[in-house]
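In: Fold the following, please.
(4 chains)
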Number of protein chains: 2
Amino acid sequence: MSAKRTSLKDIAQEAGVSTALVSYVLNGKEKESRVGPEIATKIRAIAIALNYQPNHVAKSLRSGKTQTIGLIIADISNPFFANIARIVEDEAKRNGYTVIIGSSDENADKSRDLLNVLINRQVDGFIIVSAEDSAQQVQLLKEKNIPFVLLDRYFPDMQTDFVSTDHYRAAYDGASHLITNGYRRIGMIAYKSAMFHMQERIRGYQDALKDGGLPFQKGYLKKIRFTHIEQEAKVAIDELTKTDKPVDALIFATYGLAINGLIYLNEQKLNVPDDVAIVSFGQAEAFDLYYCPITYLKQPIDLLGQTSVSLLVKKLKESPDEPAQILMNAELVARNSSKPKRIHQH
Amino acid sequence: MSAKRTSLKDIAQEAGVSTALVSYVLNGKEKESRVGPEIATKIRAIAIALNYQPNHVAKSLRSGKTQTIGLIIADISNPFFANIARIVEDEAKRNGYTVIIGSSDENADKSRDLLNVLINRQVDGFIIVSAEDSAQQVQLLKEKNIPFVLLDRYFPDMQTDFVSTDHYRAAYDGASHLITNGYRRIGMIAYKSAMFHMQERIRGYQDALKDGGLPFQKGYLKKIRFTHIEQEAKVAIDELTKTDKPVDALIFATYGLAINGLIYLNEQKLNVPDDVAIVSFGQAEAFDLYYCPITYLKQPIDLLGQTSVSLLVKKLKESPDEPAQILMNAELVARNSSKPKRIHQH
DNA sequence: ATAGTCAGCTTAATCGTTTAAGCAAAGAAG
DNA sequence: CTTCTTTGCTTAAACGATTAAGCTGACTAT
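Out: Predicted coordinates:
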């Protein structure tokens, strides 16, 4: 049996004083509370001798604050989110907070469950990468006055704090880059989703084409279901490549789409970039390791994570009334997968 | 301002009874506590009407149980751990537990900090992928009678619960596979580490060579520092390949080593598997996406994660005295990176 | 001498639950 | 008509911390 943890009471007993005094001393409130210097020293010594560690649960009950942040993401096993999670974890720790991570699988029901569980656990606030159809949940948080910051995705018609990449501009940059490098039949594979960030990526792609003098071809934009990536990605790529006017470049709107797509391109012996140039969202070792390193839109993950935490922490401390809305730019990292097109036969 | 959460007291007041009764009813203890059926029904109705959500913090304080598991891993942004984390998260949730994840960066000090923070947060138990030099910390947990299960790595001379891959056998299988496929100069790049799992991987490699009739060459085993992977991996590969007796196959003892190594092999225009065949530990999309899909030792991640959780949960409930020690086998997934050697000139 | 001030403590309420113990009324048993 | 049992509830302590309010004795000022 492990000896019971030492509590304020134990220290108080040992020092022959009340717990109140001990609490004052150990919280550095000796001045305001007029604690005698000798007894203060004695209390501190005993606390160290007994290896006192404050009971966080008791503190939380009393204060109503758990010093805990809930982080809701789509899936921790996706490298983008795993990286975000790591940054958030570190930054939160620096601020004295602990993080509880939950994966929503882009699913509104799971997301709701997670929020409820974490609300019952009395997390002080949330950082949320919102899932499809979760606008109402976010609205509810707002109404309940539960502090939160949206990360990476936001709802344009809702007044909330958020930290996000400028998805429109990222996609626009990606497509423009392909145009600059000589590609003319540029396709995009995206998710079938009403979420704003996905819409923005699509809009960016379309606008870049337009501004580049390329007519937008409906058939070059494929929207596939998140729940059926593997099958539908293949179909989409077949439809984009096995026609008389095949695409010469392809933008993957997410990391997951890219992985599935690239594997299928390999299977089909389609060469990157000679048959199809590639630009992708997301980022992971897989892109470096591909035989032809993949050009990608590098989101400022560190900054996104850090900013979201510091914003939330600030909100928890000061509860400012003006929501902070921060957009950051993705950086296009040009690699061989989108190098200037050369004319070739094969 | 959000209306205050409803507490037992609120329900009690509304129903005109004491909080004790409400507690009994809402915890399904009406029978044992002889609560009248009408009042029970009434209490339940009011609880629903007021949307009562129990305060988890208060419960925890009273019961001494937080229904929380601490998961200590090396780094959540490493896909192996991210996958583990996801499994653990899901499995824990099924058992009514919440998970707090902490990244130790394979660093004993950080690991100690994390443990302390989480102990103060009163987690009920730990699942730990132990870091270098953390044996003493684990010993301390044992002495303090804090329940934990070691995951993926364990200490052979310490009696603890653990769930791990049989690293020896995995490495043995990997090396044997290369021998079977005709490779004769098989190198290994491992971490310079005293950790048992790494020693076992090295031992498995050596024994397989011996049993395959190949003399173990000291120069073919490279140990590099975790803190300097990038530089030292390059040096190691140079030393293994740029000699008169270059290796014809290479085993990477971890995912991180493989990523760095493969990128460098690319840079050096060394072809897989014609110049060097590859077998690696770890697992991730990157291996599928490589121009020559990488043969890897697939650890039973799902089973590892699930078993560690159920073991811990069992321990928390029943505290059995016999530690459970479970070894699982990795599966060799053979791909082109280690296909039967063909004699060639280039 | 007497009130007032202040240093240095203690008391006790509080956060929201759980639960052992107790109490009162009604019914059963003798 | 007692006594015992059972039913249906309440009381209050406890978990470990925080903190407003109060108390005591010493010192100061008048």
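In: where along chain A do the strands fall?
Out: Ranges of strands in chain A, per DSSP state E, are A:68-73, A:98-103, A:125-128, A:148-151, A:162-165, A:186-191, A:221-224, A:249-252, A:277-281, A:295-298, A:325-328, A:331-333.
In: now, of those, which is deepest in the fold?
Out: Among the strands of chain A, strand A:249-252 has the highest mean neighbour count (mean count of other C-beta atoms under 10 Å in any protein chain shown), at a mean of 30. For the C-beta atoms, the positions are set from N, CA and C on the backbone; glycine is no exception.
In: Is A:A15 in contact with A:A49, as I believe?
Out: No. Contact criterion C-beta atoms under 8 Å: A:A15 and A:A49 do not qualify, at 10.6 Å.
In: The helix or strand of chain A with the lowest mean pLDDT and chain B, are they touching?
Out: None of the helices or strands of chain A scores lower by mean pLDDT, DSSP states H and E than helix A:285-289, at a mean of 89. Yes. Helix A:285-289 reaches chain B (C-beta under 8 Å from any C-beta of the partner chain) through A:E285, A:A286, A:D288, A:L289.
In: again with stretch A:26-33
Out: No. Taking C-beta under 8 Å from any C-beta as the criterion, stretch A:26-33 and chain B are apart, separated by no less than 13.6 Å.
In: Run the chain-centre distance for that stretch.
Out: 40 Å (C-alpha atoms, centre = their mean, to the nearest Å).
In: quick one: average confidence on it?
Out: Across stretch A:26-33, the average pLDDT comes to 92.
In: Over to stretch A:198-215?
Out: In this model, stretch A:198-215 carries a mean pLDDT of 96.
In: Centre of the chain to stretch A:101-121, how far?
Out: Between the centre of stretch A:101-121 and the centre of its chain there are 15 Å (C-alpha atoms, centre = their mean).
In: Now do the contacts for A:S164.
Out: Residues near A:S164 by C-beta atoms under 8 Å, 6 or more residues apart in numbering or on different chains: A:L150, A:L151, A:D152, A:R153, A:Y154, A:H197, A:L304, A:I326, A:L327, A:M328.
In: how about those in CSV, adding distance to chain B?
Out: Shown next, in CSV, are the contacts of A:S164 (distance: C-beta to the nearest C-beta, whole Å):
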residue, distance to chain B
A:L150, 19
A:L151, 16
A:D152, 16
A:R153, 20
A:Y154, 22
A:H197, 22
A:L304, 14
A:I326, 23
A:L327, 24
A:M328, 19
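In: Taking the residues you listed together, which two end up most distant?
Out: Longest distance between any two of the contacts of A:S164 is 14.4 Å, between A:H197 and A:I326; criterion C-beta to C-beta.
In: so A:G125 makes contact with A:Q67?
Out: No. Taking C-beta under 8 Å as the definition, A:G125 is not a contact partner of A:Q67, at 10.4 Å.
In: Against DNA strand C, how distant is the closest residue in space to A:V17 that isn't next to it in sequence?
Out: Nearest non-adjacent residue to A:V17, counting by C-beta to C-beta, 6 or more residues apart in numbering or on different chains: A:I39, 6.4 Å away. Computed as C-beta to the nearest atom of the strand, to the nearest Å, the A:I39 to DNA strand C distance reads 4 Å.
In: try A:I224
Out: From A:I224 to DNA strand C the distance is 45 Å (C-beta to the nearest atom of the strand).
In: For that residue, which residues are in contact?
Out: A:I224 makes contacts with A:I189, A:A190, A:Y191, A:K192, A:E232, A:A233, A:V235, A:A236, A:L257, as judged by C-beta under 8 Å, 6+ apart.
In: wait, which of those is closest to DNA strand C?
Out: Taking C-beta to the nearest atom of the strand as the measure, A:Y191 is the one of the contacts of A:I224 closest to DNA strand C, at 40.0 Å.
In: That closest one bridge partners, please.
Out: Beta bridges link A:Y191 to A:I224, judged by DSSP bridges.
In: per-residue pLDDT, the closest residue to DNA strand C within the stretch 51-200 of chain A?
Out: Here the stretch 51-200 of chain A gets closest to DNA strand C at one residue, A:R62, 3.7 Å apart by C-beta to the nearest atom of the strand. Per-residue confidence (pLDDT) for A:R62: 97.
In: Around chain B, pick out the residues from the stretch 101-250 of chain A.
Out: Proximity of the stretch 101-250 of chain A to chain B, by C-beta under 8 Å from any C-beta, involves residues A:101-103, A:116-122, A:143-146.
In: filter the residues you listed to the buried ones?
Out: Taking 16 or more other C-beta atoms under 10 Å in any protein chain shown as the criterion, what is buried in these is A:I101, A:G102, A:S103, A:V117, A:L118, A:I119, A:N120, A:R121, A:Q122, A:I146.
In: Please say which of A:A15 and A:A49 ends up with more neighbours.
Out: Between A:A15 and A:A49, counted using other C-beta atoms under 10 Å in any protein chain shown, the more crowded position is A:A15 (19 against 11).
In: low-scoring stretches of chain A, by residue?
Out: Along chain A, segments meeting pLDDT under 70 span A:1-3, A:344-346.
In: which residues in it form helices?
Out: Here chain A has its helices, by DSSP state H, at A:8-15, A:19-26, A:37-49, A:56-63, A:79-94, A:108-120, A:135-143, A:167-180, A:196-211, A:229-241, A:255-267, A:285-289, A:301-318.
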